[in-house]
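>>> Sequence first, predicted model second:
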Amino acid sequence: MLHKGSRRLCSLWLAATVLLGTIFLAGTAHEWYHLIVHDHLTIQDQPVGTTFYSLVGLHATHVAIGLFMLSLALLFSLRGQLTHEHSEKLKVLSFYWHFVDAVWVIVFLVVYVFGR
């Protein structure tokens, strides 16, 4: 949206993405808490614990990195510091975020569908 000159719309979409990503991470944290505290599933529980915590944890780490970068972009956008000259950088960030989305589909299938 930034390339069309609509900073306000860009800020809105960045805010929505940050919000939804934060909700996703909170859900992951809640799931981990339940698995660790109530189900006593640890990373030493071979192969379920190792696979689950490795795949989901690595993905959550990349989501957190993406959220950090998206939050910075949102901050710059809200302050009026995100301009047309930053469009390519924002595009690279969106590619990263969509790659993390695509990886989640694979992680979801491996862990939650086929892993059951």
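That came through fine. Residues are numbered from 1 along each chain as shown.

>>> per-residue confidence averaged over the lengthiest helix in the chain?
Taking DSSP state H as the criterion, the chain has its longest helix at helix 48-78. Here helix 48-78 scores 93 as its mean pLDDT.

>>> elements contacting that helix?
Packing contacts for helix 48-78, counted by 3 or more C-beta pairs under 8 Å, 6 or more residues apart in numbering; DSSP states H and E, involve helix 7-33, helix 87-108. In short, each C-beta sits where N, CA and C put it, glycine included.

>>> name the helices or strands packed onto the last one?
Which is helix 87-108. helix 48-78.

>>> Now for Y96: which residues touch it?
Y96 makes contacts with G66, M69, as judged by C-beta atoms under 8 Å, 6 or more residues apart in numbering.

>>> what about it, distance to I23?
Counting by C-beta to C-beta, to the nearest Å, the gap from Y96 to I23 is 19 Å.
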